[in-house]
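Colleague: only geometry, no sequence info:
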């Protein structure tokens, strides 16, 4: 028995047999991994080619022919986006939706208001990726920054560099990663309710990280600039244009200057709401009619209308530049601009 075993090969439990089984398993594992990698690369190649072809087809369309379809504009920020203390239909996102729909009747516009009172820029920036994957907007408008003077919620974690940020940004250049992310976020549900102004589900508390009484007010510039840069980097990686909005009142001028400077450096369009207020005053409106003091000084329905009028050309130009053929030119005399 011993002789025949030696002549016929190694015993099943011998070291040589174990080594052969291990080698066979390793080869199969390598082939499986190689097949998976090749499959993923082929899928990514197909998606990239399809994306290029689709863009070329759209770019060749007659600029005078509108592309029929829905357009989603995502508005994020603080109470100025939310429209505190006004009813929803008087907020600037609601007025923007009406103006766009009036000027471009062949499209269906969905302007989502995810502004929440008291939010700072870090809170907004931290959630923008999930919101973009869920809603897949054609444009993002950001109006935030004034609450950085007192609300420090979630800011501490961003004072340290994120070692995975570059990896995530690199992966976002892959169409396959984006598709998986869209599917994942869609399956796990919305962090916010996009059908409700502010997006908060019933029972959620407003986020706040108020500074302790007597604490020094932090310099808002570094954090606000960092958050605006993060939002621009994210949106550009995902091929979504972004716009900033400044604050209308003189007391908010320091924050507006930070936003304007960041916009100029990052080549991002900035809506000048202070200019909108000056225009409203020059039209003869009194300051009391432009500022609502019920929840602290905020724009009134009338001033939001002027802000939307100032915003419309920039919104239309941005959509036209980033999404070829997405908007037709509004007809002469179409209402929407003052």
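Modeller: Perfect, thanks for sending it. Computed from a predicted model, the values in this text were never measured in an experiment.
Colleague: Relative to residue 294, how far out is the closest residue in space to residue 318 that isn't next to it in sequence?
Modeller: Nearest non-adjacent residue to residue 318, counting by C-beta to C-beta, 6 or more residues apart in numbering: residue 241, 4.8 Å away. The way it works is simple: take the backbone N, C-alpha and C, and place the C-beta from them, glycine included. The gap separating residue 241 from residue 294 is 34 Å, by C-beta to C-beta, to the nearest Å.
Colleague: and what of residue 275?
Modeller: As judged by C-beta to C-beta, residue 275 and residue 294 stand 25 Å apart.
Colleague: Helices along the stretch 201-338 of the chain, start to end?
Modeller: Using DSSP state H, counting those that start in this stretch, the helices found in the stretch 201-338 of the chain span residues 220-237, 253-266, 273-282, 287-290, 301-322.
Colleague: quick one: which of those is nearest residue 198?
Modeller: Evaluated over the helices of the stretch 201-338 of the chain, closeness to residue 198 peaks at helix 301-322, with 15.9 Å, by C-beta to C-beta.
Colleague: name the element residue 96 belongs to?
Modeller: Assigned by DSSP states H and E, residue 96 belongs to helix 92-103.
Colleague: Now do that helix, average pLDDT.
Modeller: Regarding helix 92-103, the rounded mean pLDDT is 96.
Colleague: go on, stretch 144-159?
Modeller: pLDDT averaged over stretch 144-159 gives 78.
Colleague: in it, what's buried?
Modeller: By neighbour count on 16 or more other C-beta atoms under 10 Å, the buried set for stretch 144-159 is 144-155, 158.
Colleague: can you tell me which two in the residues you listed are farthest apart?
Modeller: Greatest spatial distance in these: 146 and 158, 18.4 Å, computed using C-beta to C-beta.
Colleague: thinking again about what came up before, residue 275 and residue 294: who's more crowded?
Modeller: Of the pair residue 275 and residue 294, residue 275 is the one with more neighbours under other C-beta atoms under 10 Å, namely 14 against 9.
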